[in-house]
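> Got a predicted model here, sequence first, then my questions.
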Amino acid sequence: MFRNENILAVYVEHRDQLVNYASKILHDRGHAEDVVQEAYLRLDAAAGTRLLSEPIRYFYRVVRNLALDTRRSMQRDRTRLVSDGGATIVQISEDRPSPEAAAAARDELRVVEAALAELPERTRIALELHRFGDCTFKEIAEHLGVSVGTAHALVVEGLEHCRERLYRHSPR
């Protein structure tokens, strides 16, 4: 099978940051590793059919989407089974929010996703690296080629924008 050397190099260089990013979403390092590996395989296949101008952006986007899908799947499957001698299996109720709370959370998530999409690319990347990738301001600064102070300002600017959007959206 043909391997795209550019995608492989990006994967090798950023694997740890991508796993940290997925771990923040999943709260499970093992699943995060699986998600990053799956993202690599998908991007490697996609790179064979088209030119990816900024592969690290695609990596983060694919990892984020796969991690969110995995998290949803894990939540659906989070059913505890208790066996009483192997003959009968009893399903224990799950810790789920009410339908109203789930709808409100989905609504807030849509607002935050829209707010993130409105941000300038550099600000959005800085915020995502900080909040989801567990990156320090120094790491963000190096990734974006800016000063640490600018990286901090970008993250603060992104957070304030998202907070403002949520505040405007929420009923008072």
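The structure has been received and is ready for your questions.
> Can you get me a residue count around His169?
Residues lying near His169 (other C-beta atoms under 10 Å) number 14. For the C-beta atoms, the positions are set from N, CA and C on the backbone; glycine is no exception.
> list the contacts for it?
Asp107, Glu108, Val111 (C-beta atoms under 8 Å, 6 or more residues apart in numbering).
> Kindly reformat those residues as a markdown table containing neighbour count.
A markdown table is the format used below for the contacts of His169 (neighbours: other C-beta atoms under 10 Å):
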| residue | neighbour count |
| --- | --- |
| Asp107 | 12 |
| Glu108 | 14 |
| Val111 | 17 |
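> Keep only those of these that are in helices.
Residues of those located in helices (DSSP state H): Asp107, Glu108, Val111.
> would you list these in JSON lines and tack on pLDDT and distance to Val148?
Listed next are those as JSON lines, based on pLDDT from 0 to 100; distance: C-beta to C-beta, whole Å:
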{"residue": "Asp107", "pLDDT": "87", "distance to Val148": "35"}
{"residue": "Glu108", "pLDDT": "86", "distance to Val148": "31"}
{"residue": "Val111", "pLDDT": "88", "distance to Val148": "30"}
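> nearest to Pro120, of the contacts of His169?
Val111 (18.4 Å; C-beta to C-beta).
> Can you tell me how far the closest residue to that closest one other than its chain neighbours is from Ala104?
Once flanking residues are discounted, Val111 sits nearest to His169: 4.7 Å by C-beta to C-beta, 6 or more residues apart in numbering. Using C-beta to C-beta, to the nearest Å, His169 is found at 11 Å from Ala104.
> try Arg57
31 Å.
> again with Ser73
22 Å.
> Pick out whichever of those two has more residues nearby.
For the pair Ser73 and Ala104, the greater number of neighbours falls to Ala104 (14 against 11), based on other C-beta under 10 Å.
> In three-state terms, how would that one be classified?
The local conformation at Ala104, judged by DSSP: H, G, I helix; E, B strand; the rest coil, is helix.
> Look at it and report its pLDDT.
Ala104 carries a pLDDT value of 82.
> from the chain's centre, how far out does the strand or helix carrying Arg72 sit?
Of the helices and strands defined by DSSP states H and E, Arg72 is found in helix 55-77. Per C-alpha atoms, centre = their mean, to the nearest Å, the displacement of helix 55-77 from the mean C-alpha position of its chain is 6 Å.
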